[in-house]
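Novice: Could you work out the structure for the sequence below:
(2 chains)
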Amino acid sequence: MKMDRRAFLSLGVGVAAGTTLSPLPWKLMDDISIWTQNWSWTPVPDDGECTYINSVCRLCSGACGITVRKIGNRVVKIEGQNGHPINDGGICLLGLSSPQILYGQERVQRPLKRDGKRGEGKWIPISWENAIQEVFSKLQQLRSQDMPNRLACITGTDQGTVPRLFERFLTVFGSPNYIRMPSIVDSYELTLNLMQGGPSSVGFDFESADYILSFGSGIIDGWTSPVRMFKLNSQWKDKNIKCVQIESRLSNSAAKASQWIPIQPGTEAELAMGIAHVMVKENWYHPDFVQNQSNGFAEWRTKLMANVNLEHIATITGVHQDVIIQVAKEFANASTPIAICGQGRGLIPGNMREFVAVHTLNALKGNINQKGGVGALAELDYIDWPEVMMDAIATKGMAIERIDHANTDHYPYARYLMSRLPKVLLNQKEPMLEMLFVLRSNPYYSLPGTAIIKEAWEKIPFIVSFSSVMDETALYSDLILPEPFYLETYEDIPTPTGYLYPMIGLMRPVIQPLYDTKPAADVLIQLAQKFEGTVAKAFSWSNYQTCLEKTLKDKWDTMIKKGYFLDTSLSQVWKKEFTTLSGKFEFKNMELKELEKETTPELEGSKEQYPLLLIPYDSLRIASTSVANPPFVTKTIEDNVLKQNDVLLEINPITAKSLGVKEHDLVEITTPHGRAIVRIHLFEGIMPGLIAMARGLGHETGGDYLYGKGVNVNSLLGSIESPFSGFEMAYATRANLRHV
Amino acid sequence: MKESSVHENAKKYGMVINLDKCTGCGSCMVACMSENNIPFKADETNKLDSITWMRVYRLTNKEPFPKTEMCYLPRPCMHCGGKGDHGHSPCVSVCPATATDYDHKTGIVSQIYTRCFGCRYCMAACPYRARYFNWWDPVWPKEMESMLNPNVSPRMRGVVEKCSFCFHRYQLAMEKAYLEERRELEEHEYQTACTQACPSGAIVFGDLNNPSHKVHELKKHPNAFRLLERLQTNPKVYYISSREWVRRSGDNYLIGENKTSTK
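Specialist: Here you go, the predicted structure:
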């Protein structure tokens, strides 16, 4: 056959047309996409039986019920537990990310002993037996030298059996230095103590309240029990309940409130007094409560009327007089209004004048210990272990002043003053601490004034961390005795902060412990039993689980079935009577008079050198308590908060213009306490003259997904000590910006 | 035509998101990531390549302090029905590989990873930026592979992915229903992961065609709107906001254009 040009072309066209019309190209295209996707490295998750186990989340003090979905023996997902009294099916993003912590690279997989300098991250594995023996011999040395008080212990909360076991251990060992991490739990405890009589914790019946006045509380930014607050926020919207947010920055809570009232930072107490002034002047208070159930009202009123000038308050707070009157009127007209405070998430105890002034508003409406009000919650008294027997060493040790001076003549009102510890250590003339236990808290990272804390840490010769993940405090410790993660063990979870009923949740193992971990309470029991005499006697349980079961007694079975124990009879749990000296609600007793010496201390640095004011803010998308962000949570951070490794600093466009900085400019921020390189983000919602930075970034741990992202705002803040209570009240710091 | 008339009687799953209740907390995003095996990288701050089937946007009214207002807007895939609800979604219309298709029984726009060869036409066509391309192979730290959900296959480099309205949950619910000799699902039997997790109850999911489902009434709310409605993509995600500037930011308007046209 002769192949001429024409035939060749015809054939070519024929082949092309034929192929196109045949299924071949489509089949090939499909096959190629399949072939090129069968990579051995793309994981294929194992299938298995799907089961659900209920437990309680312990990543914050919210105590949400969770339902853990398992496939075979793997924890695949955390869901909110339907019908749970706190969160009824809802869940926050941190709780959802629990499996990433459980299976995360930051888990401490076995006891580790430091090798190399602190913070270097060099560890040698050590057996449990040797680790416990090492702690024991150091403890024994302290006792033999008759200085048991040189042991201190820091825990996140002091409620529940495990923190209470630590407290018990310190007591019987002879150290008064059991310390709880600071938060608004401190300030609310003290407020109730002063005004209503203690001891009690605060409960808010937001479910039945009809007006919410928030002095900067991050209602939807993680305040108290976050998911409960989310649910309430939606309920208020459904019921058309007004929620007023007083805050200098348009936070999420401010944006979602019915009304946002911007205020100069640190002047919340004054505004509350202003509102009280209007209510009293106009006779807009609850006469029955004030006359019959309170004490010192007349004296308080006289002083208020004489000292408070609305015009002056309007000037210092930046809130117009008309707005103050409007809020006072609305608050007075509501039948069950609740006023709350505690900035953002409530990590800083804050100004006691503010807490007392805000709680006074509740009292003026008589909305105390009643439906829709604020109440003092009696502790659920389920921990009734036998009194410890004290030997001579312990008695002597316990008689020595606490290292943080809480509950002493200097600071008679505070129970714990963690924020004072660094200062005390830096000023010590002779060693005051030999050994520190840290449980479920990350003080090295999360207290304002990082530089001072770092320096103070050097003064503690031996630090034991019980952390199940490598956080900063663990990184800078000498020995890590890792606890199982919360999904791997039993424990009781105390009433979430601010909840109106006493409650115990049961956290239970949903999976066998993955690593060579040991419950911290078991370590404690084993340590105690190595001692002879009273210390061992105080810990006569064979292990922690037995202790827990015996403590919960008849509640154990209910809790195994239901997952929690709840006492919902308000009349029983809310203290009807006030336990103050007068037996009434106190507007002005001796202690409250003392409070007058509480002033907001002048911020460090001069206005000329530091013309701006830096405020930290909380975001639910950045964990800032004892837990750091898992990868999923970090992924949700917006690019106007974090861009690559730079944290963005919020600044009002007007301020930015006057400083000559533009969006995304790289600047150096300087404060009297530290400096850092940050990026500018222009945000209309922040008061001119202020700059704001998110809390919870700038970690030294967290691997590829967290390490080195952003700046720890605590390194720029300084500790501000309340003159009255000794509490931390760091709400802002002066700052300056400079182009780099 | 025949198919679309079937659609009238069939399910039309959709969402109504109350923006007044949405707090921007991000639970929906993480619930989605956890449920759907969405990968994560060391740096996720470049939002163009950060895979988030559900993404929460922050809107502001751009007014100066203190008149500034802020609102969050969660954006899953809109599962567009296309003009006249015939199933001609912007993405489905352009996919050369039939890797994405419109299911007339449920109104869900599918994405079949093994068919996708990564041309990204669909991404260009989607006006909502709901689609994401896998520029890299997903990598889970070894232990974290344990938390992968077997109901959703992990994707690989070179394919596009997007929100499926947790279609695997629909399949599981249907299987269960068939076993129990039912053909219809109760409202609660099929819910997306984001809806289930939302602590504010801002997201409501259900069959828009079914009068007994909550979304049926909610979508008729006087403040309900959809995104870029004027493109006639016919999205199945409705939003409710009491603030006019939020409703208006759901579409593009000429300067001075009648404000009432937000509906």
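
Novice: Just the pLDDT for B:Ser5.
Specialist: The model reports B:Ser5 with a pLDDT of 44.

Novice: Same check on the one 3 residues further on?
Specialist: Here the pLDDT value assigned to B:Glu8 is 48.

Novice: I'd like to know how many residues surround A:Ala17.
Specialist: Burial of A:Ala17, expressed as a neighbour count using other CB atoms under 10 Å in any protein chain shown, amounts to 10. Where C-beta positions appear, they are placed from N, C-alpha and C, glycine not excepted.

Novice: give me every residue that touches it.
Specialist: If a contact means CB atoms under 8 Å, 6 or more residues apart in numbering or on different chains, then A:Ala17 has no contacts.

Novice: Would you mind giving both backbone torsions of it?
Specialist: phi -60, psi -40 (degrees, to the nearest 10).

Novice: what's the answer for A:Cys153, then?
Specialist: Backbone phi and psi, for A:Cys153 under degrees, to the nearest 10, turn out to be phi -140, psi 130.

Novice: Kindly report the same for B:Leu148.
Specialist: Dihedral angles (degrees, to the nearest 10) for B:Leu148: phi -80, psi 140.

Novice: Strands of chain B, residue ranges please.
Specialist: B:13-18, B:55-60, B:70-75, B:102-103, B:108-109, B:132-133, B:160-161, B:203-207, B:224-225, B:237-240 (DSSP state E).

Novice: which one of those strands lies closest to A:Tyr476?
Specialist: Closest to A:Tyr476 of the strands of chain B is strand B:55-60 (CB to CB; 35.4 Å).

Novice: separation between A:Val374 and chain B?
Specialist: Look at A:Val374 and chain B: by CB to the nearest CB, to the nearest Å, they are 23 Å apart.

Novice: Now do the nearest residue to that residue once chain neighbours are set aside: how many residues are near it, please.
Specialist: Leaving out its chain neighbours, the residue that sits closest to A:Val374 by CB to CB, 6 or more residues apart in numbering or on different chains is A:Asn362, at 4.9 Å. Residues lying near A:Asn362 (other CB under 10 Å) number 23.

Novice: Model confidence at A:Asn362, what's the number?
Specialist: With respect to pLDDT, A:Asn362 has a value of 97.

Novice: residue contacts, it?
Specialist: A:Asn362 neighbours (CB under 8 Å, 6+ apart): A:Pro337, A:Ile338, A:Ala339, A:Ile368, A:Gly373, A:Val374.

Novice: switch the cut-off to 10 Å
Specialist: Counting by CB atoms under 10 Å, 6 or more residues apart in numbering or on different chains, A:Asn362 touches A:195, A:204, A:213, A:331, A:336-340, A:368, A:373-375, A:585.

Novice: Could you identify which of the residues you listed has the most neighbours?
Specialist: Neighbour max across the contacts of A:Asn362 (other CB under 10 Å) = A:Val374, 31 neighbours.

Novice: Residues of the stretch 101-250 of chain A that sit close to chain B?
Specialist: Neighbours of chain B within the stretch 101-250 of chain A, by CB under 10 Å from any CB of the partner chain: A:102-107, A:109, A:219-222, A:226-238, A:248-250.

Novice: Which among those residues count as buried?
Specialist: Using 16 or more other CB atoms under 10 Å in any protein chain shown as the burial test, those include A:102-107, A:219-222, A:226-234, A:236-237, A:248-250 as buried.

Novice: Out of these, which sit inside strands?
Specialist: Using DSSP E, no member of those sits in strands.

Novice: can you give me the strands for the stretch 601-740 of chain A?
Specialist: A:612-617, A:642-643, A:646-651, A:666-671, A:674-682, A:690-694, A:733-739 (DSSP state E, counting those that start in this stretch).

Novice: So what does residue 43 have for phi and psi?
Specialist: As the question left the chain open, I've gone with chain A. phi -70, psi 140.

Novice: hmm, I had chain B in mind actually
Specialist: Phi and psi for B:Asp43, reported as degrees, to the nearest 10, are phi -120, psi 120.

Novice: For chain A, what is the nearest residue in the stretch 101-250 of chain B?
Specialist: Residue of the stretch 101-250 of chain B nearest chain A, by CB to the nearest CB: B:Pro199 (3.2 Å).

Novice: And what about the nearest residue to that residue once chain neighbours are set aside, helix, strand or coil?
Specialist: Once flanking residues are discounted, B:Pro199 sits nearest to A:Gly90: 3.2 Å by CB to CB, 6+ apart. Following DSSP: H, G, I helix; E, B strand; the rest coil, we place A:Gly90 in the coil state.

Novice: if I read this right, A:Gly90 contacts A:Asn233, doesn't it?
Specialist: No - applying CB atoms under 10 Å as the test, A:Gly90 and A:Asn233 come out as separate, 11.2 Å apart.

Novice: overlap in contacts of these two?
Specialist: B:Pro199, B:Ser200, B:Gly201.

Novice: tell me the contacts of the first one?
Specialist: Residues touching B:Pro199, when contacts are defined by CB under 10 Å, 6+ apart, comprise A:64, A:80, A:87-93, A:95, A:220, A:226-231, A:233-234, A:620, B:21, B:23, B:25, B:27-28.

Novice: State the pLDDT value of it.
Specialist: According to the model, B:Pro199 carries a pLDDT of 97.

Novice: Just give the number of residues close to A:Arg6.
Specialist: When neighbours are counted by other CB under 10 Å, A:Arg6 registers 8.

Novice: Count residues in the vicinity of the residue of chain A found nearest chain B, would you?
Specialist: Minimum separation of chain A from chain B (CB to the nearest CB) falls at A:Gly90, amounting to 3.2 Å. Per other CB under 10 Å, the neighbour tally for A:Gly90 reads 28.

Novice: same deal with A:Pro287?
Specialist: Quick note: A:Pro287 (other CB under 10 Å) scores 9 neighbours.

Novice: OK, contacts around it?
Specialist: Per CB under 10 Å, 6+ apart, neighbours of A:Pro287: A:Gly366.

Novice: go on, A:Ala730?
Specialist: Residues in contact with A:Ala730 (CB under 10 Å, 6+ apart) are A:343, A:347-350, A:419, A:447-449, A:603, A:616, A:673, A:714, A:717-721.

Novice: nearest spatial neighbour of A:Glu491, skipping sequence neighbours?
Specialist: Of all residues not flanking A:Glu491 in the chain, A:Met507 sits nearest, at 4.6 Å (CB to CB, 6+ apart).

Novice: Now do the one you found: how many residues are near it, please.
Specialist: For A:Met507, using other CB under 10 Å, the count is 21.

Novice: That one against A:Cys64, yeah?
Specialist: No - if you go by CB under 10 Å, A:Met507 and A:Cys64 don't touch, sitting 11.0 Å apart.

Novice: what sits in contact with each of those two?
Specialist: A:Ser55, A:Val56, A:Cys57, A:Arg58, A:Ile493.

Novice: Verify the contact between the last one and A:Ser61 for me.
Specialist: Yes - under the contact definition of CB under 10 Å, A:Ile493 touches A:Ser61, with a separation of 9.0 Å.

Novice: Now the common contact residues for these two.
Specialist: Counting by CB under 10 Å, 6+ apart, the shared contacts of A:Ile493 and A:Ser61 are A:Thr157, A:Gln159.

Novice: so what pLDDT did the residue nearest to B:Pro199 get?
Specialist: Value listed for A:Gly90 in the pLDDT field: 96.
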